[in-house]
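Chemist: I'd like to go over a predicted model; first the sequence, then the structure.
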Amino acid sequence: MVAMGRAARNIVLVGDPRQLPQVIQGAHPEPASLSCLDWVLGDRATIPPDRGIFLPVSRRMHPEVCRFISEQVYEGRLTSHADTARQGVSGTRFPEAGAFWVPVAHEGNAQISTEEVAAIQTAVAELLQGEWTEKDGTDRPMRENDIIVVAPYNGQVNALRDALSPGIRVGTVDKFQGQEAPVCLVSMTASSAEETSRGMEFLFSLNRINVAVSRAKGLALVFGATRLREAKCETVEQMRLINTLCAVTALAEIKGAP
C-alpha cells in the first residue's frame, strides 16, 4: 500500500477484516502480519465514522442470525434488510430462523467426531422434510442445495461427505467464504479445547465463527460437545473466544425443542 501510495492521490481500502484473510504459507511476527485494513481499524471491530464508511445492512441474513453476528462481531452496528425477516424454515422440529447451539455428547475426539456426523445426518433428514420461505414470501420444499455443512478439519469434512448425499455441500470455512444457503450446519468436531489439534485460537476463531454462521440466510445450527463451552482460559483473548461460542443460544433452551 505504501508503494502504491507514491503513485496515487487517494487510496480506498475495501473489505472486511472480520472475515478470513487470504491463505498464506509464510509466517510473520505480530503486528507485521496485519492487513492494511487491520492497521487502519486498530482496536476497533468496525471503521469509525471519521475514518471511513461502514455498510450497515445485510441483505442475506434473517434478523435473528444477523443479531448474533452484529453483537459478537460488528459492535452492534449491523442490521438486516426488512425483506430478510420473511426468510425461514418451517415444518421441522427446529426453530424457523436464528443461530443455535446443538449439544452433542462425545469424548476424546480431536479432528473427527462420528457422533456429530450422526447428529448432522439426522438434522439434514429432518430439514429436508420442511419448507423454505424466500424473502419475497414464497414457499417451496427444502432442497439438498439449501444446506451447507461446515467443519474446521479436513478429516471431519471427509467423514461428513461420506455420510451425506452428494447434493449437500460440505467443506471447511475457508472454502465457503462468500457463499450462502438457507441453512448452515456447523460441526465443531473436537470434544474439548484441550483436544483441539490446532489450538483454541484456531477452533474458536471469531473470524471463523463469523464466516460460518453468517453463511445462513435463515437458520444456523452449531453442533458441538458441551465441554467446548467449559474450556479453561489462560488469557483475556481466550475468554472472548469462548464467550462468543457461549452466546449461541442452546437449542435445548428453546421452548418446544426436544
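Modeler: Structure received. No experiment lies behind these values; they were computed from the predicted model shown.
Chemist: buried stuff in stretch 133-144?
Modeler: Of the residues in stretch 133-144, 133, 135, 142 count as buried by neighbour count, 16 or more other C-beta atoms under 10 Å. In short, each C-beta sits where N, CA and C put it, glycine included.
Chemist: Residue 247 versus the last one, what's the distance?
Modeler: By that I understand residue 142. Going from residue 142 to residue 247 by C-beta to C-beta, to the nearest Å gives 27 Å.
Chemist: again, but for residue 114
Modeler: In terms of C-beta to C-beta, residue 114 sits 27 Å off from residue 247.
Chemist: ok so, going back, what is the nearest of the buried residues of stretch 133-144 to residue 109?
Modeler: Using C-beta to C-beta, residue 142 comes nearest to residue 109 of these, at 28.8 Å.
Chemist: if we can go back for a sec, mind checking which of the buried residues of stretch 133-144 are in strands?
Modeler: Using DSSP state E, the members of the buried residues of stretch 133-144 that fall in strands are residue 133.
Chemist: for the buried residues of stretch 133-144, which one is nearest residue 211?
Modeler: residue 135 (21.4 Å).
Chemist: check contacts around that closest one.
Modeler: Contact analysis of residue 135 by C-beta atoms under 8 Å, 6 or more residues apart in numbering lists 83, 84, 86, 87.
Chemist: okay but the second one is in contact with residue 62, surely?
Modeler: Yes: contact status for residue 84 versus residue 62: in contact at 5.3 Å, counting by C-beta atoms under 8 Å.
Chemist: Now tell me what touches stretch 157-176 from outside.
Modeler: 20, 23, 112-114, 117-118, 120-121, 124, 143-145, 147-154, 179, 181, 187, 208, 211-212, 215.
Chemist: ends of it, how far apart?
Modeler: By C-alpha to C-alpha, to the nearest Å, the extent of stretch 157-176 from end to end equals 12 Å.
Chemist: With stretch 204-223 instead?
Modeler: 13 Å.
Chemist: in stretch 85-95, what's buried?
Modeler: Those would be 87, 88, 89, 92, 94, 95, for stretch 85-95 by 16+ other C-beta under 10 Å.
Chemist: Pipe the residues you listed into a markdown table and attach secondary structure, pLDDT and distance to residue 53 per row.
Modeler: Formatted as a markdown table, those follow (DSSP: H, G, I helix; E, B strand; the rest coil; pLDDT from 0 to 100; distance: C-beta to C-beta, whole Å):
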| residue | secondary structure | pLDDT | distance to residue 53 |
| --- | --- | --- | --- |
| 87 | coil | 97 | 26 |
| 88 | strand | 97 | 31 |
| 89 | strand | 97 | 34 |
| 92 | coil | 95 | 39 |
| 94 | coil | 95 | 37 |
| 95 | coil | 95 | 34 |
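Chemist: List just the nearest of the buried residues of stretch 133-144 to residue 6.
Modeler: So of those, ranked by how close each gets to residue 6 (C-beta to C-beta), first place is residue 135, at 45.7 Å.
Chemist: Quick check: the closest one vs residue 230, distance?
Modeler: Taking C-beta to C-beta as the measure, residue 135 falls 38 Å from residue 230.
Chemist: and if you look at residue 140?
Modeler: The value you get for residue 140 to residue 230, if C-beta to C-beta is used, is 40 Å.
Chemist: same check, this time on residue 180
Modeler: 32 Å.
Chemist: Run through the residues that contact residue 60.
Modeler: Applying C-beta under 8 Å, 6+ apart, the residues near residue 60 are 84, 180, 214, 217.
Chemist: Direction included, what does the strand or helix carrying the last one pair against?
Modeler: When elements are defined using DSSP states H and E, residue 217 is found to belong to strand 216-224. In the sheet, strand 216-224 lines up against strand 98-103 (parallel), strand 181-187 (parallel) (DSSP bridges).
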